[in-house]
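Colleague: Whatever this is, show me its structure:
(chains A and B)
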Amino acid sequence: MSSADLVASAVVKRFANHTAVDSLSFSVARGSFFSILGPSGCGKTTLLRMIAGFIAPDSGDITIGGKSMAGIAPNRRPVNMVFQQLALFPMMNVGENVAYGLARRGVDRAERSRRCAAMLERVGLEGAAHKRVDELSGGQRQRVAIARSLVLEPTLLLLDEPLGALDLKLREHMKIELKQLQAAFGTTFVYITHDQSEALVLSDHVGVMNQGRFEQLGTPQDLYYRPQTPFVASFVGANNRVVGSCISRDAQLAEIATGDGWSIRALAHGSIGMGDAVEAFVRPEIATLARTAADLPPGQPHYGGVVQSVLFDGANSAVLLQESKTRREFRIALPQTGQFSDLEPRDPVFFSFDPLRAVCFPARAGAAGRDA
Amino acid sequence: MLDGAVQARWRMRLTLSLLLAPALLWLGALIILPHADLAVLSFRERVAPRHYVPSLAQYKTFFLEPLYWQVFVHTAVMSAIATLMTLLLAFPIAWIIAKLARGRAASLLFIVCLIPFWVSETVRTLGWMILLRESGVLPALLVKLHITDVPVELLYRNATVFVGLVYTSLLFMVVPLVSSLESLDNSLIEAAYDMGAGGFAALRTIVIPHAAPGITAGCIVVFMLTLGNYLTPTLLGGKNSQWFTEQIYAQFITRFNWEQGAAFGFLLLGLSTAMVVLGLRLSGQRFGDVMRRT
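Modeller: Here you go, the predicted model:
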């Protein structure tokens, strides 16, 4: 990694009865978009607040722009934050909001309004300086919140699920806008979210966080195609989860038999021996669907099933079917060709998948529950 | 025969006026009527027994007699200072209740502010006298701690009057402050801090502007209560206190000069109205917004 704007080394934060952040180390390269993705309660907010300086780590160190931040208050850090509810100041107009940080630094009035106007123009809000905050739309407020932080030229911009409060359509739009803003400004962004689609679309690198630790840190493609842990496989993207025990294995593949008599093969991760409990994951889009077994690619094990329901969602359409032997649910993405547009519930179908593209891991403790 | 809709509307109006009747009666009988009577009283002069003529003589006396307007100004200034002192003392308390204390601790602190009001005002004030008089608890303690050689009289000073007034008014400042501080989103303070503001800058730019309606409401209530207070300045300030309410009392009861007393009453009403208007002007608040906070 070239020069890192943010380095965390062995950062720990404990609360009364649990460890929120558990000996976490990572670094974020200058100018990159880094996301921390995890379910609520995984410790990502605690981590972000430690970077911003609102809480101090119990041990470990956080370095920003090459300087240790130990004992440095939030108002002295080269870091700015976009809050979850944006936290725009309702008692000030847009211009005063954007100029707030400059005023605190003692920048004189003329210079303040010049830089404020320039920043508003860069985020597409030219001339909005005199508007009141509550006159703006959700997307515009978002841009004011970002402008207010970026006008201070921070080394690091922290974003705490800023899209969470927006409706779906605007969220999709703001996702693209955020990515473009980050590219235009070149500031290092650290973004936390529980929405895997936001993390995948926006980020250069993503850390998937669970119970205070990073399960996996990599590019969005890594997380999606090469998950390293069962948590990542089930949290990032849709997946068919199959729980069973290993009944045979070779150098690469393990064969998994489920309790109700189904068996599949998948690429083995970690040490899986004969008889071990295993979790396997098959992405909906790696499976091939066909009306007759003969139409399936040769050389792959194939299975029969009955269509349970067709989940039409434009480009993300899928079919939910029941495997014939075990009546187990299995989700398969529909190809874009419209080939299966006449599929009806209760139609018999066949499916197969390349075992090398499915993955399996030693089962997590307490993971024997129902398949996802 | 009335048609159905008209009848329903009349019934509704009747219900509404019956519901409002006690409040209107209270307002009319206890506030408007006596004040109208006082107004008439204040604008007349007795020229012979049982013989009165309309005149401005009562108001003229007030401006020509230095004692009266000096006491008037003294009362206004002392009340303003007492209000400011109450605000400075109540703000940290309200901050702790609204922002720092959680659950039980917050309600406990509220109750601590409320407890003095379980005792009648007279008893409360006499309590202060027991503590502060020359042979009282505090002077004795000062002697025991070798801070003073002989017991000092702590009563009958302006400072003592302030102590009593602030003590009596505290709750009425804390309540509107707590409600306005509770509605302040903590992330606004964090955002200010994040963008480089120090504690004082965040207080000045975020907290006070947000709490302004509550501050104004508290100040109006406390100023009015203090200005119209009779017991505390009389008992704690003694002969030196010269509170304007004592002048009104003296005119009505001692001198039996109701006309003069009524004029003084109206001057006090005018003063508190003027101060409220001034306060609203200075803080840029609207009366309606402020009253919703109290």
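Colleague: If you count neighbours, what's buried in stretch A:123-138?
Modeller: For stretch A:123-138, the neighbour count (16 or more other Cβ atoms under 10 Å in any protein chain shown) marks A:123, A:125, A:128-129, A:133, A:136 as buried. Placement of C-beta: from N, CA and C, glycine included.
Colleague: The residue most central in space within chain B - nearest residue in space that isn't next to it in sequence?
Modeller: Closest to where the C-alpha atoms of chain B average out (Cα atoms, centre = their mean) is residue B:225, at 2.1 Å. Nearest non-adjacent residue to residue B:225, counting by Cβ to Cβ, 6 or more residues apart in numbering or on different chains: residue B:169, 5.7 Å away.
Colleague: And the one you found, how close does it get to chain A?
Modeller: 27 Å (Cβ to the nearest Cβ, to the nearest Å).
Colleague: returning to what we had before: for chain B, state which of the buried residues of stretch A:123-138 is nearest.
Modeller: Nearest to chain B among the buried residues of stretch A:123-138: residue A:133, at 11.3 Å, using Cβ to the nearest Cβ.
Colleague: hmm, which two among the buried residues of stretch A:123-138 are most spread apart?
Modeller: A:123 and A:133 (14.7 Å; Cβ to Cβ).
Colleague: need the contact list for residue A:329.
Modeller: By Cβ atoms under 8 Å, 6 or more residues apart in numbering or on different chains, the contact set of residue A:329 is A:308, A:320-323, A:371.
Colleague: So which bits of the stretch 1-150 of chain A are right by chain B?
Modeller: The stretch 1-150 of chain A has residues A:52, A:54, A:73-76, A:79-81, A:83-85, A:87, A:89-91, A:100-101, A:104-105, A:148-149 near chain B, with proximity defined as Cβ under 8 Å from any Cβ of the partner chain.
Colleague: On the strand side of things, show who residue A:37 bridges to.
Modeller: residue A:193, residue A:208 (DSSP bridges).
Colleague: That one is in contact with residue A:209, isn't it?
Modeller: Yes - assessed by Cβ atoms under 8 Å, residue A:37 is found in contact with residue A:209 at 6.7 Å.
Colleague: who touches both of those two?
Modeller: Common neighbours of residue A:37 and residue A:209 (criterion: Cβ under 8 Å, 6+ apart): residue A:44.
Colleague: circling back: with respect to residue B:59, which of the buried residues of stretch A:123-138 is nearest?
Modeller: Nearest member of those to residue B:59, counting by Cβ to Cβ, is residue A:133, at 50.1 Å.
Colleague: before we move on, the earlier item: which one of the contacts of residue A:329 is nearest to residue B:55?
Modeller: Using Cβ to Cβ, residue A:320 is the member of those that sits closest to residue B:55, with 96.2 Å.
Colleague: which element follows the helix or strand harbouring residue A:101 toward the C-terminus?
Modeller: Per DSSP states H and E, residue A:101 falls inside helix A:94-104. For helix A:94-104, the following helix or strand on the C-terminal side (DSSP H and E) is helix A:109-122.
Colleague: I'd like to know which elements that next one is packed against.
Modeller: Judged by 3 or more Cβ pairs under 8 Å, 6 or more residues apart in numbering or on different chains; DSSP states H and E, helix A:109-122 is in contact with helix A:94-104, helix A:138-150.
Colleague: can you redo the ones you listed as TSV with mean pLDDT?
Modeller: Shown next, in TSV, are the helices and strands packed on helix A:109-122 (pLDDT from 0 to 100):
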stretch	mean pLDDT
helix A:94-104	95
helix A:138-150	91
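Colleague: for the stretch 251-372 of chain A, what spans make up the strands?
Modeller: Taking DSSP state E, counting those that start in this stretch as the criterion, the stretch 251-372 of chain A contains strands spanning A:253-257, A:263-268, A:277-282, A:287-290, A:302-311, A:318-323, A:329-333, A:348-353, A:359-362.
Colleague: Which of those sits closest to residue B:107?
Modeller: Nearest to residue B:107, of all the strands of the stretch 251-372 of chain A, is strand A:277-282, at 49.4 Å by Cβ to Cβ.
Colleague: Each with direction, which strands does that closest one pair with?
Modeller: Sheet pairing for strand A:277-282, assigned by DSSP bridges, gives strand A:240-249 (antiparallel), strand A:359-362 (antiparallel).
Colleague: Where does pLDDT dip in the chain?
Modeller: Picked chain A for this. For chain A, residues meeting the criterion pLDDT under 70 lie at A:1-2, A:366-372.
Colleague: looking at chain B here, not the other one
Modeller: Applying pLDDT under 70 to chain B picks out residues B:1-2, B:240, B:291-294.
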